[in-house]
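Novice: Sequence first, then the predicted structure:
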Amino acid sequence: MALLKKINQILLLLLVLTVCAILYNKVHQLPSALKNETVDLESPEEMEEEIPVVICAAAGRMGATIAAISSIYSNTEANVLFYIVGLKTTIPHIRKWIENSKLKEIKFKVVEFNPMVLKGKIRQDASRPELLQPLNFVRFYLPLLIQKHEKVIYLDDDIIVQGDIQELYDTKLAPGHAAAFSDDCDLPSTHEMVRSVGMQNTYMGFLDYRKQTIRDLGISPSTCSFNPGVIVANMTEWKHQRITKQLEKWMQRNVEENLYSSTLGGGVATSPMLIVFHGKYSAINPMWHVRHLGWSPDTRYSEHFLQEAKLLHWNGRYKPWDYPSVHTDLWETWFIPDPSGKFKLTRPDS
């Protein structure tokens with residue numbers, strides 16, 4: 001009996017000691033951030049919201065990509081992450097160009113685009129073969145290439161940015177809208193340019209309204225078009241609405257029925273986007289997409305207007321790295337020569 005009583009006393013003592021030890025640890029426990037442990041603390045820069053910018057690096061025009069990136073990086077303090085999309089054969093060149101120039105400080109990821117995803121979806125068209133290049137369709141596949149971001153900026157390579165890219169990123173998208181674009185009728189200052197060079201700024205210029213499939217869409221041919229060379233996209237809505245699948249459907253329909261072609265206003269990448277996004281997109285500030293600089297080597301904007309612009313786009317045949325072209329001085333400000341010497345500007349005296 002005495003032995004049993006002694007055992008109970010010992011067990012009771014052990015229980016009391018255990019409780020005291022637990023209480024001591026709780027009272028004296030330090031916050032994990034103050035302990036000498038490996039803690040995942042983000043620097044102020046990492047805590048700042050990342051702005052993902054997608055831009056392509058195509059063979060023969062890689063200098064355009066470099067000038068675009070240079071202009072963005074030089075005009076912002078924002079935390080920009082560049083996603084540079086290329087084909088397997090072009091990726092080493094663009095990477096070396098960046099790493100051996102003043103752009104070596106930028107944050108970037110190189111993404112390889114597999115052109116096999118386009119098999120059977122592009123109708124061959126000899127009038128403007130450059131519009132059929134695989135990278136022209138990267139914008140259709142944004143969620144497959146860029147997966148960790150809610151909001152993404154896509155830019156054509158033939159642009160320069162004169163404003164702070166943060167402003168473009170802050171573009172508000174209405175509920176239910178997967179993307180924001182610039183309307184082709186949004187800026188009165190560009191209307192004279194459109195008329196003078198005979199450009200189209202309505203759906204009539206992009207879709208073949210002689211085809212019943214197009215007429216069945218119920219879209220007026222006089223509806224103002226938009227330009228998808230600058231896009232602010234909501235990836236959640238894009239995936240929810242299965243935008244990529246819808247675009248692929250209209251690509252395949254065009255292969256079968258020839259609903260649009262590059263002989264019309266904007267080639268083969270704009271037309272399916274006009275169909276899929278009709279009435280379901282938000283607007284980008286017009287000064288964030290001043291375009292048509294590449295439509296004519298003879299027609300120019302006023303210098304004052306160009307200085308006010310936040311983003312300039314040389315859409316059209318006449319590119320600022322080639323000759324002839326206009327306003328090349330504005331573009332060349334941001335161009336960084338190719339360390340390998342492969343890419344060269346075409347100038348009258350070259």
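Specialist: Sure, I can see it. For clarity, every value in this text was computed on a predicted model and none was experimentally measured.
Novice: where in the stretch 251-350 of the chain is pLDDT low?
Specialist: Where the stretch 251-350 of the chain drops to pLDDT under 70, the residues are 261-267, 350.
Novice: Next: the stretch 51-200 of the chain.
Specialist: Where the stretch 51-200 of the chain drops to pLDDT under 70, the residues are 125-131, 186-199.
Novice: Give the bridge partners for residue 290, please.
Specialist: Beta-bridge partners recorded for residue 290 (DSSP bridges): residue 312.
Novice: What separation do you get for it and residue 145?
Specialist: In this view, residue 290 and residue 145 are 27 Å apart by CB to CB, to the nearest Å. Where C-beta positions appear, they are placed from N, C-alpha and C, glycine not excepted.
Novice: what's the answer for residue 333, then?
Specialist: 29 Å.
Novice: How about the contacts made by the closest residue in space to residue 248 that isn't next to it in sequence?
Specialist: Ranked by CB to CB, 6 or more residues apart in numbering and with sequence neighbours excluded, the top spatial neighbour of residue 248 is residue 121, at 6.0 Å. Counting by CB atoms under 8 Å, 6 or more residues apart in numbering, residue 121 makes contact with 248, 251, 252, 255.
Novice: now the residues you listed: which count as buried?
Specialist: Those of those that meet the buried threshold are 248, 251, by 16 or more other CB atoms under 10 Å.
Novice: Any chance of JSON lines for the contacts of residue 121, columns secondary structure and distance to residue 138?
Specialist: As requested, the contacts of residue 121 are exported to JSON lines (DSSP: H, G, I helix; E, B strand; the rest coil; distance: CB to CB, whole Å):
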{"residue": "248", "secondary structure": "helix", "distance to residue 138": "14"}
{"residue": "251", "secondary structure": "helix", "distance to residue 138": "14"}
{"residue": "252", "secondary structure": "helix", "distance to residue 138": "18"}
{"residue": "255", "secondary structure": "helix", "distance to residue 138": "19"}
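Novice: For the residue nearest the centre of the chain, give me its contacts.
Specialist: The centre of the chain sits closest to residue 154, judged by CA atoms, centre = their mean, with a distance of 1.4 Å. Neighbouring residues of residue 154 by CB under 8 Å, 6+ apart: 53, 54, 55, 138, 139, 142, 230, 231, 233.
Novice: How about the backbone phi and psi for it?
Specialist: phi -110, psi 140 (degrees, to the nearest 10).
Novice: Who is it paired with across the strands?
Specialist: Assigned bridge partners for residue 154, using DSSP bridges, are residue 54, residue 231.
Novice: Can you give me the distance of it to residue 344?
Specialist: 28 Å.
Novice: Which stretches in the chain count as helices?
Specialist: Ranges of helices in the chain, per DSSP state H, are 2-28, 44-47, 62-74, 91-99, 142-145, 165-169, 188-196, 212-215, 235-240, 243-257, 267-276, 303-308, 328-332.
Novice: Can you get me a residue count around the nearest residue to residue 90 once chain neighbours are set aside?
Specialist: In space, and not counting its chain neighbours, residue 90 is closest to residue 59: 5.0 Å by CB to CB, 6+ apart. Using other CB atoms under 10 Å, residue 59 has 15 neighbouring residues.
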